[in-house]
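> pasted the sequence and its predicted model underneath.
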Amino acid sequence: MTEAAPALEDLFRQEAGKICAWLVRLLGPGRLELIEDAVQDAFGAALAQWRFEGTPQRPAAWLAIAARNKALDRLRRDMRLESLDPTDEAAAWRLGFSNPEETGKPDDTLALMFVACHPALSEEEQTMLTLQVVCGFNARQIARAFLSTPEAVTQRLVRAKRRLRDLKLTVEIPEGAELAGRLAGLLNAIYQLFTGGYTAAEGEQLMTEERCAEALRLVTLLCEYPATSTGEAHALAALICFHHARAAARTGARGDVLLLAEQDRTRWDATLLARGFVHLRGAMAAPELSALHLEAGIAAIHASAPSFAQTDWPALVRCYEALIALKPTPVVKLNAAIAHAYADGPAAGLARLDELAGNTRLSHYAHYHAARGDLLLKLRRHGEAGAALLQALECPLNGAERDCLVRKLRACSTPPRQAHS
Amino acid sequence: MPSFMMLLHRPVERRPMADPETVAGVTREYMEWADRTRAAGRLKAGSKLTDDAGRILRNESGRVATTDGPFIESKEIVGGYFLISAADYADACRLASECPHLKYGSYIEVRRVEEL
């Protein structure tokens, strides 16, 4: 009947990063912990007060002012400035606070990303801190993404923030040679945000969409800011656009996973695909060729194929070979083998997959066994195909992926291996 | 139209807060009631009152004595109020009966504002 109002948590999450970025600019990255606490206080106050006041006319501004006041209150206590009146606007200005209308400036968000992705932190901490302070996810949500506990995540984040505080950073977007090095950290964090979001870990569909959307928002920000709009930033943006465009088509009517070959390509988001190609052009304009360029190129080949059968497999194989040269990871080799199978036949692909057998990373990777099962099925080696698919089912999977494998397993006309056979 | 005061009594919370999702859901229900009632022109004001004990002032043989409120000993406090417009008590109670406070608080006291 009534249209569902946006969940308060969504509103809070969307505003948290903006408010945090604004307050970090005003108060400095050293006060990140205090700022985070103040933002949480503000959300608590909103939950209590909005019950009686109803929705404020401008909820975002309400939250920004509340967070500013809570931060001021905490500062006052920390600095023993008891005499300072929290409602004294002039005093607030002297402490560096200003107009809450200023939240949501892209420059602030960008500067905050550089703080969160500071090289003093590990890659995982950078991604976690980005999720928390830039994207507004809470410890519980981050814990789900990292298969950790909220307590452990909170502890790591507190320690990370203390380390940043001790560095006495200033909030600014780095320049020149420093920028190039620091940008790599940002791109990696966004890449993690996106790949972690693209296929949610075990059983967790929640947050997947949101994380991809956040990754897209942040990488778009990088592409719009002159100093950070490098070829790699555009390549990452293109990659995310191409994958995100397929989001709706990846799931069938019952929430089941649809493979690339099975997807209804008319359900791909044409606007996002177009955006992807614009970014791809931006990526190609840059002199360097990075792994991200090749990954974007691979995604583009899929995106521009009218059907799965009409995919330009030889071009894909060339892209993968170039990618292996830059990024020789087992997962890249696995995908290259699959491309080979389509370009040169299942036997050629299987031979390449079997070369990777024994790799410890892949032996617990469901997609490796699933790909073998698929090729064996095409070669009519049903018994071996069934065994490979069973192996895949023993790896960590989310529910939808599991169903997809079970579906394939049924296609092996011979029954799965029995213990007594 | 006469005004009525809805005093929202709730138990003194000594237990830890429920998880944030639940709290957000409850808040959303209150906000929907308040927004709906305001949109109908029936909600004139509303505020949360702080969770502390408040103060009680008494005249003790000509001298004003201020003490902390009774909140520490009592099991109930007024957590907030709404000021609404209604034709009569029946109408006011009809409005109040839809308020989610009856689900999550303890009781609502409805009092008519005296007008000349």
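Everything's here; your move. Residues are numbered from 1 along each chain as shown, chains lettered A, B, ... in the order given.
> got the phi/psi numbers for the residue lying closest to residue A:172 once chain neighbours are set aside?
Taking C-beta to C-beta, 6 or more residues apart in numbering or on different chains, and ignoring the residues beside it in sequence, residue A:172 has residue A:111 as its nearest neighbour in space, at 6.1 Å. From N, CA and C alone the C-beta is placed, and that goes for glycine too. According to degrees, to the nearest 10, the main-chain angles of residue A:111 amount to phi -60, psi -40.
> surely residue A:219 touches residue A:190?
Yes. In terms of C-beta atoms under 8 Å, residue A:219 counts as a neighbour of residue A:190; the distance is 5.1 Å.
> who touches both of these two?
A:236, A:240 (C-beta atoms under 8 Å, 6 or more residues apart in numbering or on different chains).
> now the strands for chain B?
All strands of chain B, identified by DSSP state E, fall at B:3-11, B:43-48, B:55-60, B:63-68, B:76-85, B:107-112.
> ok, which of those strands comes nearest residue A:306?
In terms of C-beta to C-beta, the element of the strands of chain B nearest to residue A:306 is strand B:43-48, at 57.4 Å.
> up against chain A, what does chain B have?
B:8, B:20-21, B:23-24, B:26-28, B:30-32, B:34-35, B:38, B:43, B:46-48, B:80-82 (C-beta under 8 Å from any C-beta of the partner chain).
> and the pLDDT for residue A:270?
Reading off the per-residue confidence, residue A:270 sits at a pLDDT of 93.
> burial measure for the residue lying closest to it once chain neighbours are set aside, as a count.
Distances taken as C-beta to C-beta, 6+ apart put residue A:245 closest to residue A:270, at 7.8 Å, once the chain neighbours are dropped. Residue A:245 is flanked by 21 other residues according to other C-beta atoms under 10 Å in any protein chain shown.
> what do you get for residue A:284?
What residue A:284 shows, counting by other C-beta under 10 Å, is a neighbour count of 15.
> could you do the one 4 residues further on as well?
Residue crowding around residue A:288 was assessed by other C-beta under 10 Å; the count is 11.
> could you do residue A:267 as well?
Here the neighbour count serves as a burial measure; for residue A:267 (other C-beta under 10 Å) it reads 14.
> what sits against the closest residue to it other than its chain neighbours?
Sequence neighbours aside, residue A:249 is the residue nearest to residue A:267 in space, at 3.9 Å (criterion: C-beta to C-beta, 6+ apart). Residue A:249 is in contact with A:258, A:263, A:264, A:265, A:267, A:268, counting by C-beta under 8 Å, 6+ apart.
> circling back to that earlier point, isn't the residue nearest to residue A:172 right next to residue A:24, touching?
Yes. With contact defined as C-beta under 8 Å, residue A:111 counts as touching residue A:24 (7.3 Å).
> and these two? which has more neighbours close in?
Neighbours were counted for residue A:111 and for residue A:24 using other C-beta under 10 Å; residue A:24 has more, 24 against 20.
> wait, what's in contact with residue 111?
Chain wasn't specified; assuming chain A. Neighbour list for residue A:111: A:21, A:24, A:25, A:171, A:172, A:173 [criterion: C-beta under 8 Å, 6+ apart].
> please go with chain B instead
Shown in contact with residue B:111 (C-beta under 8 Å, 6+ apart): B:4, B:5, B:7.
> check contacts around the first one.
If you count contacts by C-beta under 8 Å, 6+ apart, residue B:4 has them with B:83, B:84, B:85, B:86, B:89, B:92, B:110, B:111, B:112, B:113.
> most neighbours among those, which one?
Most crowded among the contacts of residue B:4, counting by other C-beta under 10 Å, is residue B:84 at 26 neighbours.
> who does that residue bridge with?
With DSSP bridges applied, residue B:84 shows beta-bridge pairing to residue B:4, residue B:43.
> show me the shaky parts of chain A.
A:1-6, A:79-102, A:197-207, A:413-421 (pLDDT under 70).
> so which residues on it come close to chain B?
A:2, A:5, A:7-9, A:12, A:46-55, A:138.
> coming back round to it: Throw the contacts of residue B:4 into CSV and include pLDDT, thanks.
Compiled in CSV, the contacts of residue B:4 are given as follows (pLDDT from 0 to 100):
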residue, pLDDT
B:83, 96
B:84, 96
B:85, 96
B:86, 96
B:89, 96
B:92, 96
B:110, 97
B:111, 96
B:112, 96
B:113, 95
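> of the residues you listed, closest to residue A:254?
Within the set of the contacts of residue B:4, residue B:84 lies nearest residue A:254; the separation is 46.9 Å, counting by C-beta to C-beta.
> residue A:248 is in contact with residue A:209, correct?
No. In this structure, residue A:209 is not within contact of residue A:248 by C-beta under 8 Å, at 9.9 Å.
> what residues sit buried inside stretch B:2-15?
Applying a neighbour-count criterion of 16 or more other C-beta atoms under 10 Å in any protein chain shown, the buried positions in stretch B:2-15 are B:3, B:4, B:5, B:6, B:8, B:9, B:10.
> what residue ranges in chain B score low on pLDDT?
Applying pLDDT under 70 to chain B flags the ranges B:14-17, B:71-73.
> could you point out the longest helix in it?
In chain B, with assignment by DSSP state H, the single longest helix is helix B:20-39.
> list of residues touching that one?
By C-beta under 8 Å, 6+ apart, the residues outside helix B:20-39 that reach it are A:2, A:5, A:7-9, A:12, A:46-48, A:50-55, A:138, B:17, B:43, B:46, B:82, B:84, B:95, B:98-101, B:103-104.
> can you give me the angle that helix makes with strand B:3-11?
Taking axes from the mean of the first three to the mean of the last three C-alpha atoms, to 10 degrees, helix B:20-39 and strand B:3-11 form an angle of 170 degrees between their directions.
> in helix B:20-39, what counts as buried?
Buried positions in helix B:20-39, judged by neighbour count with 16+ other C-beta under 10 Å: B:20, B:23-24, B:26-28, B:30-35, B:37-38.
> which residues in the stretch 151-300 of chain A form helices?
Taking DSSP state H, counting those that start in this stretch as the test, the helices found in the stretch 151-300 of chain A are A:176-198, A:208-224, A:231-245, A:270-284, A:291-304.
> can you list those helices in JSON lines and add distance to residue A:69?
What follows is the helices of the stretch 151-300 of chain A, written out as JSON lines (distance: least, C-beta to C-beta, whole Å):
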{"stretch": "helix A:176-198", "distance to residue A:69": "31"}
{"stretch": "helix A:208-224", "distance to residue A:69": "27"}
{"stretch": "helix A:231-245", "distance to residue A:69": "36"}
{"stretch": "helix A:270-284", "distance to residue A:69": "39"}
{"stretch": "helix A:291-304", "distance to residue A:69": "42"}
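> what's the most buried one of those?
Comparing these on average neighbours per residue, with mean count of other C-beta atoms under 10 Å in any protein chain shown, the densest one is helix A:231-245 at a mean of 26.
> who are the packing partners of it?
When contacts are defined as 3 or more C-beta pairs under 8 Å, 6 or more residues apart in numbering or on different chains; DSSP states H and E, helix A:231-245 sits against helix A:176-198, helix A:208-224, helix A:270-284, helix A:291-304.
> output the ones you listed as TSV; include the columns distance to residue A:155.
Supplementary listing: these in TSV, determined by distance: least, C-beta to C-beta, whole Å:
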stretch	distance to residue A:155
helix A:176-198	20
helix A:208-224	22
helix A:270-284	37
helix A:291-304	32
